[in-house]
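A.B. asks: Attaching a predicted model along with its sequence, questions to come.
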Amino acid sequence: MQLRFGSFHVSHAGWCLRIQQGKQWTSGGNINDSSDMRNYPEKTCDISRLVLHPKLVEAAIRGVKTRQGRNGIYAYPEETFELDGVAFIVTSLTLEKLGDMTDADARAEGYPNLAAYKDLILRMHKGMQWNLDADVWVHCFRRLDAAPVCQDSISH
């Protein structure tokens, strides 16, 4: 089954999925079956490297940080990982454009606003250009001991 999604939010079986407009994935089964995984590209890095900075680890543990943008795939939905002994589950994986990021998205990344996020990213990655068309894999997650809540951080 080939699926083409507009910009909307789906909640199923306690996990949240936000689909970015115009992106396509192929599904081999029933989308209502939570065990059915879209055919995402291969991982580019290990899940243990998803959230590394101590301040961001602490923000995730407090429930302030609920997403991590990366230039590759570190985890698939429903995978679990630990930060300082606290278990988390990846609730969604979406491909977004850097230029679509909002202040709310930056707060969900653990930063006060988009300007602070952009400033830090450009300082961390010397020589990087802030390319609004750059693809970003957004990994959303929650603590396993937290109730599943669907929170859309996009202000569309």
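C.D. replies: It's in.
A.B. asks: Which helix runs longest in the chain?
C.D. replies: For the chain, the longest helix by residue count, based on DSSP state H, is helix 114-124.
A.B. asks: Which positions in that one come out as buried?
C.D. replies: L114, Y117 (16 or more other C-beta atoms under 10 Å). To be clear about C-beta, it is placed using only N, CA and C from the backbone, and glycine gets the same treatment.
A.B. asks: list the helices and strands whichever helix or strand comes after it packs on?
C.D. replies: Counting by DSSP states H and E, the next helix or strand C-terminal to helix 114-124 is strand 135-143. With contacts taken as 3 or more C-beta pairs under 8 Å, 6 or more residues apart in numbering; DSSP states H and E, strand 135-143 sits against helix 54-62, strand 67-70, strand 86-97.
A.B. asks: closest to D103 out of these?
C.D. replies: Among those, strand 67-70 comes nearest to D103, with 13.3 Å by C-beta to C-beta.
A.B. asks: Pull the helix or strand containing A104 out as PDB, backbone CA atoms only.
C.D. replies: Per DSSP H and E: A104 is located in helix 103-108. Once non-C-alpha atoms are left out, helix 103-108 reads as follows in PDB (Å, rounded to 0.1, in the frame of the first residue of the first chain):
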ATOM      1  CA  ASP A 103       9.800  28.100  18.500                       C
ATOM      2  CA  ALA A 104       7.500  25.400  19.900                       C
ATOM      3  CA  ASP A 105       9.700  22.800  18.100                       C
ATOM      4  CA  ALA A 106      12.800  24.300  19.500                       C
ATOM      5  CA  ARG A 107      11.300  24.200  23.000                       C
ATOM      6  CA  ALA A 108      10.500  20.500  22.500                       C
END
